[in-house]
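In: my questions are about this predicted structure, shown below with the sequence.
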Amino acid sequence: MKEIYNIGLIGFGTIGSGVVKTFNRNLDLMEQKVGTKIKLKKVVDIDIETDRGVFIDKNILSTDVRDILDDPEIDIVIELIGGYEPAKSFILRALSAGKHVVTANKALIAKHWEEIIKTANENKVRICFEASVGGGIPLLEPLNEGLAANRIKAIYGIINGTANYILTKMTDMGCDFDYVLKEAQEKGYAEQDPTFDIEGHDTAQKLIILTILGFGVYIEQDKFHVEGISKIKQADIEFIKNELGYSIKLLAIARIEEGKLEVRVHPTLLPQDHLLASVNDVFNGVYIVGDIVGPVMMYGQGAGMMPTASAVVGDLIDIIENIERPNIYGPEGTDVKKIKDIEEIKSKYYLRIIAIDKPGVLHVISGILSDYNISIESVSQKKKDEGQEVPIFMVTHEAKEKNVRNAVKKIDKLNFVGENTLFIRVLED
């Protein structure tokens, strides 16, 4: 082991500031764990004048990334600028120069995994990205190493704090989606353009990474179903909670059965006694099922300065302690034979149909569902004056997704149906 490992940090924003704070607070502890010296040699950012509220030696600040990438003394590069470019170019240059890399960049890992891992392996250096999924939760390393004796059967994750906060507040406060979204934006939990979070894209990028580690398969986002929470109304929340006894969560799902792998992101109904149903507000939770260990639950803060910095520095320590370890992520002899299309899955379904209240409506709707081999477990219709639109809530028995989609398309064409039907899948295992 070297006497000292020199670190270069690219990005002195929120998370970068957290990394510097961690060095200031716990460098002695970090060095005890690795048995050698660690030095933060250079910090690069386009803005080195703004006060980040953290002590830093001004002499190590720079606006020129070459001070890190072209410095032969720097052993490990931490990339925390996010986005695709120039982050991708910086990471590839660092790896090609024989430098190990730590990143929290989920978007980059999810989109350019194959190129990044190929470059790292060709140059015999490590790439670590614990902070890219679940923030401060120790998740990827336990999945990749602690559960290495297991064939992973399923991964279920609540891994976007914004969406989880919105659904939690809609449930607890009885407020509409738009009201809670605005509150989340005011508190800084949601971006001014929240599309990436509420429509499931952030969750999908994280699920790609979990699928690599859990099943040894890289699947691009456009190859699986991604659906957000923006169509959920307060009426759905109330009925699902009070009448059905379920919670609704934006869930990332990857699970395998008989060699067929399901990968999908969508709102999901969970029994209220399911461990994931208790994951609320901005917290994250990931529920993993191994064939040996059984179910394992990991829970904690999925974002934020210090939780994410904790994961970044954890990767840094892991690299120093295991400097010669190759990049092995996920099972190399994968059991996956086929990626199952969303239309092939089977599930129970919750349906909310808005229809004019008049005789025969339920009979027609039930007939369409029957035509597609969908049987009804329960139905509830809220009474209004005849001739007015009224929500009809249904729960089906297990049915094939393709049949549900086709039935809903036909129902939505009926002249007494007022808006597109919402259907949500139910998870009971």
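Out: Cool, got the structure.
In: neighbours of residue 181, how many?
Out: 23 (other C-beta atoms under 10 Å). All C-beta atoms are positioned from the backbone trio N, CA, C, and that covers glycine.
In: wait, is residue 39 part of a helix?
Out: No: going by DSSP: H, G, I helix; E, B strand; the rest coil, the assignment for residue 39 is strand, not a helix.
In: ok, it touching residue 9?
Out: No: Residue 39 is not in contact with residue 9 according to C-beta atoms under 8 Å; the separation is 11.5 Å.
In: between those two, point out the one with more neighbours.
Out: Between residue 39 and residue 9, residue 9 has the larger neighbour count (other C-beta under 10 Å), namely 28 against 16.
In: got the buried residues for the one helix or strand the more buried one maps to?
Out: In this structure, residue 9 sits in strand 4-10 according to DSSP states H and E. Residues of strand 4-10 classed as buried by neighbour count (16 or more other C-beta atoms under 10 Å): 5-10.
In: gap between it and the chain center?
Out: 29 Å (C-alpha atoms, centre = their mean, to the nearest Å).
In: mind giving me the packing neighbours of it?
Out: With contacts taken as 3 or more C-beta pairs under 8 Å, 6 or more residues apart in numbering; DSSP states H and E, strand 4-10 sits against helix 14-34, strand 37-44, helix 66-69, strand 74-79.
In: check the offset of the last one from the chain's centre.
Out: Shown here is strand 74-79, whose average C-alpha point lies 26 Å from the average C-alpha point of the whole chain (C-alpha atoms, centre = their mean).
In: and the next helix or strand past that strand?
Out: For strand 74-79, the succeeding helix or strand toward the C-terminus, using DSSP H and E, is helix 87-96.
In: look at residue 120 and say how many residues are nearby.
Out: Around residue 120 there are 22 residues (other C-beta under 10 Å).
In: repeat for residue 202
Out: For residue 202, using other C-beta under 10 Å, the count is 25.
In: tell me the SS of it?
Out: helix.
In: who are the contact partners of it?
Out: Residues near residue 202 by C-beta atoms under 8 Å, 6 or more residues apart in numbering: 106, 159-160, 162, 196.
In: from residue 195, how far off is it?
Out: 10 Å (C-beta to C-beta, to the nearest Å).
In: same check on residue 378?
Out: 34 Å.
In: do the same with residue 102
Out: Going from residue 102 to residue 195 by C-beta to C-beta gives 29 Å.
In: check residue 374 too.
Out: 32 Å.
In: check residue 159 too.
Out: Using C-beta to C-beta, we find residue 159 at a distance of 17 Å from residue 195.
In: now residue 331
Out: 34 Å.
In: more neighbours: which of those two?
Out: Of the pair residue 331 and residue 195, residue 331 is the one with more neighbours under other C-beta under 10 Å, namely 18 against 12.
In: what about the residue lying closest to that one once chain neighbours are set aside, how many residues close to it?
Out: Leaving aside its chain neighbours, residue 331 sits nearest to residue 216 (4.2 Å; criterion: C-beta to C-beta, 6 or more residues apart in numbering). Residue 216 has 17 neighbours, counted by other C-beta under 10 Å.
In: now do the contacts for residue 211.
Out: Going by C-beta under 8 Å, 6+ apart, residue 211 touches 155, 217-219, 254, 261, 263.
In: thinking again about what came up before, between the contacts of residue 202, which has the most around it?
Out: Among the contacts of residue 202, the one with the most neighbours (other C-beta under 10 Å) is residue 159, at 31 neighbours.
In: and the nearest residue to it once chain neighbours are set aside, helix, strand or coil?
Out: In space, and not counting its chain neighbours, residue 159 is closest to residue 206: 4.7 Å by C-beta to C-beta, 6+ apart. Under three-state DSSP, the three-state class of residue 206 is helix.
In: where's residue 338 relative to residue 132, distance?
Out: Relative to residue 132, residue 338 is positioned 27 Å away (C-beta to C-beta).
In: for those two, indicate the residue with more neighbours.
Out: residue 132 (24 against 11).
In: residue 66 versus that one, what's the distance?
Out: Residue 132 sits at a distance of 25 Å from residue 66 (criterion: C-beta to C-beta).
In: what's the answer for residue 222, then?
Out: To residue 66, residue 222 is 35 Å away according to C-beta to C-beta.
In: one more: residue 57?
Out: Distance from residue 57 to residue 66, by C-beta to C-beta: 20 Å.
In: between residue 222 and residue 66, which is the more surrounded one?
Out: Between residue 222 and residue 66, counted using other C-beta under 10 Å, the more crowded position is residue 66 (10 against 7).
In: could you pull out the strands for the stretch 251-400 of the chain?
Out: 260-271, 283-290, 294-301, 338-339, 346-356, 376-381, 389-396, 399-400 (DSSP state E, counting those that start in this stretch).
In: the fifth one: which residues count as buried?
Out: I take that to be strand 346-356. Buried, per 16+ other C-beta under 10 Å, within strand 346-356: 347-356.
In: how about the CA coordinates for the helix or strand encompassing residue 163, as CSV?
Out: Assigned by DSSP H and E, residue 163 falls within helix 161-173. Extracted C-alpha coordinates of helix 161-173, given in CSV (Å, rounded to 0.1, in the frame of the first residue of the first chain):
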residue,chain,number,x,y,z
GLY,A,161,-37.7,11.0,-2.4
THR,A,162,-39.7,13.7,-4.3
ALA,A,163,-42.3,11.2,-5.5
ASN,A,164,-42.4,9.5,-2.1
TYR,A,165,-42.9,12.8,-0.3
ILE,A,166,-45.8,13.8,-2.5
LEU,A,167,-47.6,10.5,-2.1
THR,A,168,-47.0,10.6,1.7
LYS,A,169,-48.4,14.1,2.0
MET,A,170,-51.4,13.3,-0.2
THR,A,171,-52.1,10.4,2.1
ASP,A,172,-51.5,12.1,5.4
MET,A,173,-52.9,15.6,4.6
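In: tell me which other helices or strands it touches.
Out: helix 177-186, helix 195-198, helix 234-238, strand 246-257, strand 283-290.
In: of all those, which lies closest to residue 418?
Out: Nearest to residue 418 among these is helix 234-238 (13.3 Å), distances taken as C-beta to C-beta.
In: quick check: residue 356 touching residue 414?
Out: No: counting by C-beta under 8 Å, residue 356 does not reach residue 414; the two are 9.5 Å apart.
In: pLDDT below threshold where in the protein?
Out: Across the chain, the ranges flagged by pLDDT under 70 are 384-387.
In: ok, now how distant is the closest residue in space to residue 350 that isn't next to it in sequence from residue 396?
Out: The spatially closest residue to residue 350, leaving aside those adjacent along the chain, is residue 424, at 4.6 Å (C-beta to C-beta, 6+ apart). Distance of residue 424 to residue 396, computed by C-beta to C-beta: 11 Å.
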